[in-house]
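Q: Quick one, fold the following:
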Amino acid sequence: MTRFPYRVVVHRDMRVPMPDGVVLLADRYIPIGVSAPPTILVRSPYGRRGLFGLVYGRSFARQGFQVILQSCRGGFGSGGELTPLDEQDDGLATVEWMRAQSWYGGTFAMHGPSYLGYAQWAIAPFAGPDLKAMATQVTASQFRDAAYVGGSFALEAVLSWSTLTAMLSGPLSGAAPVFAPRRTQRAVMSGRPVGEFDQVAAGRTLPFYQEVLNHHADPAVPFWKKRDFSATVGEVEAAVTMTGGWYDVFLPWQLKDYAALRTAGRRPHLTIGPWHHADMRHGRLANLDALSWFRAHLLGDASGLRASPVRLYVTGAGMWRDYDDWPVPGMTVRRWHLQPGFGLGPGGPEDSPPDRYRYHPAHPTPVLGGPTLLGNSAPRDNRRLETRADVLVYTGEALREDLDLIGPVTAEVFLRSSTPYTDLVVRVCDVRPDGASFNVCEGVRRLFPGAPPADADDVRRVEVELWPIAHRFLRGHRVRVQIASGAYPRLARNLGTGEPLATGRTAVAADQEVFHDPEHPSSIMLPHARA
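A: Numbers count the residues shown, from 1 in each chain. Model (predicted):
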């Protein structure tokens, strides 16, 4: 921030008419003494006063930008009803209204994390050439794949967000981020069907929760098709900077947006730190990044931009590194095979019988650490989880030197299950010399009859996409892989019967066999990077 910021005046409750007659409210933050300043548009369902006004309004106005901070439909004085993720029409109408105002200076940018970032992608390809820059944080152009991770319903994230937004219009709105996760936890432990969890958490049926629950992950379903802007990311001509977190629920799809921009010939900036979604630590850095970005692309002052477009925090090493691109140049993917005796390593698979475990939905495998929406997703010691009979644990030898893994992570597991309906969860952990096993990344794949297909022996080759990583396994540490069939309550239980997710009650145990012989070389693909 500059040493001599501008004084700011605020015009509150500006009325922004929508084509259907609904009026949305916005606050305009104006730097005193600046003629026709560029505009920063921020559209939020979480309010526009208090901390939001300070962080997204006043802080940027003090730097010479005018800010329009608007409440989305159905909240904090704006008319209509909130229809979550349906932000394109209102967003574009707001841009047209803004252009018609005498104070509009002719160029604008957009800024904000999570839902605020998604609202940017909803209109960015269609907003016109005066949209010069975007600063998005912990977000993506579509939330469908985060709601159904690998086809498995992200129960905790969807229910907690639905409960949070329901509370924003009530007397406990200020405490909603605290109470929503607690109410979610109470609901998922209630023993009721998944379709009734919203009644436990919020005391009523929540339409958005029910919509997501009943529309699954098919992108062709109209509900999702209207809310998926990933196909137009490459059409965005505005300069884009992204901030993400290694433990953020949206990171895999944020990186797909980055890849789409690169494929289209764009040069976005990307910063990924050691943060989870609701982590307050990334807020200040993201605002500083956005300020430098907006100065460069709206004011012509590129002095604050770094030389390398990609900056990554390497967990385990406790350091930042700069790169020219993602995936990082020089990265090579190497297979680490599951081995007899629960070993793990780059050596080839050996003749060996499969390992077995039983998953029972009545006693679902829990989860410790990892990407959550509202909770703390910091890595946790998984030793307690690894003692369970429904978790297989494969561990490599102690490393003779530091190992840097930076890039995408995938797994290929050959599985035979007693039921065609089951989940496969794969997790990578860093095992310290004292035996503590901290989760680094994970992924899941939900299996259905014929997907993936089985061979003549009913063995299926299951591909799992894990969260990407930038992590240093220190000398003396070990690489570990967990295999399980549940991660409750982050993921809804797979009941093993194929009953509808919302109403299913019958639970069937799944007897699982994991193969790791030369004909079935189960392995994890790890991104080895130069130190």
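
Q: got the CA coordinates for the helix or strand encompassing Asn439 in PDB?
A: Per DSSP states H and E: Asn439 is located in strand 437-447. As requested, the backbone C-alpha atoms of strand 437-447 are provided in PDB (Å, rounded to 0.1, in the frame of the first residue of the first chain):
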ATOM      1  CA  SER A 437       2.100 -39.400   9.600                       C
ATOM      2  CA  PHE A 438       0.800 -36.100   8.200                       C
ATOM      3  CA  ASN A 439      -1.600 -36.000   5.300                       C
ATOM      4  CA  VAL A 440      -0.200 -34.100   2.200                       C
ATOM      5  CA  CYS A 441      -2.900 -34.700  -0.500                       C
ATOM      6  CA  GLU A 442      -5.800 -37.000  -1.300                       C
ATOM      7  CA  GLY A 443      -8.400 -37.900  -3.800                       C
ATOM      8  CA  VAL A 444     -11.500 -40.100  -4.300                       C
ATOM      9  CA  ARG A 445     -13.300 -42.000  -7.100                       C
ATOM     10  CA  ARG A 446     -16.800 -43.200  -6.800                       C
ATOM     11  CA  LEU A 447     -17.500 -46.500  -8.600                       C
END
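
Q: helix or strand right after that strand?
A: strand 460-465.

Q: list the helices and strands the helix or strand harbouring Ala286 packs on?
A: Secondary structure from DSSP H and E places Ala286 in helix 281-298. Applying 3 or more Cβ pairs under 8 Å, 6 or more residues apart in numbering; DSSP states H and E, one finds that helix 281-298 contacts helix 59-61, strand 108-113, strand 131-137, strand 239-247, strand 269-276. Using the backbone N, CA and C atoms, a C-beta is placed for each residue, glycine as well.

Q: same thing but 7 Å
A: strand 108-113, strand 131-137, strand 239-247, strand 269-276 (3 or more Cβ pairs under 7 Å, 6 or more residues apart in numbering; DSSP states H and E).

Q: who touches the most centrally placed residue in the chain in this structure?
A: Nearest residue to the geometric centre of the chain (Cα atoms, centre = their mean): Phe250, 1.2 Å. Phe250 makes contact with Val138, Thr139, Ala140, Ala146, according to Cβ atoms under 7 Å, 6 or more residues apart in numbering.

Q: got the contact list for the last one?
A: Contacts for Ala146 were tallied using Cβ under 7 Å, 6+ apart; they are Ala140, Ala154, Ala157, Val249, Phe250, Trp253.

Q: tell me the phi and psi of the third one?
A: In this entry, Ala157 is assigned phi and psi values of phi -70, psi -50 (degrees, to the nearest 10).

Q: same deal with the second one?
A: The phi and psi torsions at Ala154 (degrees, to the nearest 10) take the values phi -80, psi 80.

Q: Could you do the first one as well?
A: For Ala140, the backbone dihedrals are phi -160, psi 170 (criterion: degrees, to the nearest 10).

Q: Could you do the fifth one as well?
A: Dihedral pair for Phe250: phi -100, psi 0, per degrees, to the nearest 10.

Q: Ignoring the adjacent residues along the chain, who's closest to it?
A: Closest residue in space to Phe250, ignoring its immediate chain neighbours: Ala140 at 4.6 Å, by Cβ to Cβ, 6 or more residues apart in numbering.

Q: residues in contact with the one you found?
A: Taking Cβ under 7 Å, 6+ apart, we find Ala140 in contact with Tyr118, Ala146, Phe250, Trp253, Gln254, Asp257.

Q: how about 10 Å then?
A: The neighbourhood of Ala140, defined by Cβ atoms under 10 Å, 6 or more residues apart in numbering, consists of 114, 117-118, 121, 146, 229-230, 233, 242, 244, 248-258.

Q: moving C-terminal of the host helix or strand of Arg480, what's the next helix or strand?
A: Here Arg480 is covered by strand 478-484, with elements defined by DSSP H and E. For strand 478-484, the following helix or strand on the C-terminal side (DSSP H and E) is strand 510-515.

Q: Mind checking what helix or strand follows that following strand in sequence?
A: According to DSSP H and E, the helix or strand after strand 510-515 is strand 523-528.

Q: Lovely, talk soon.
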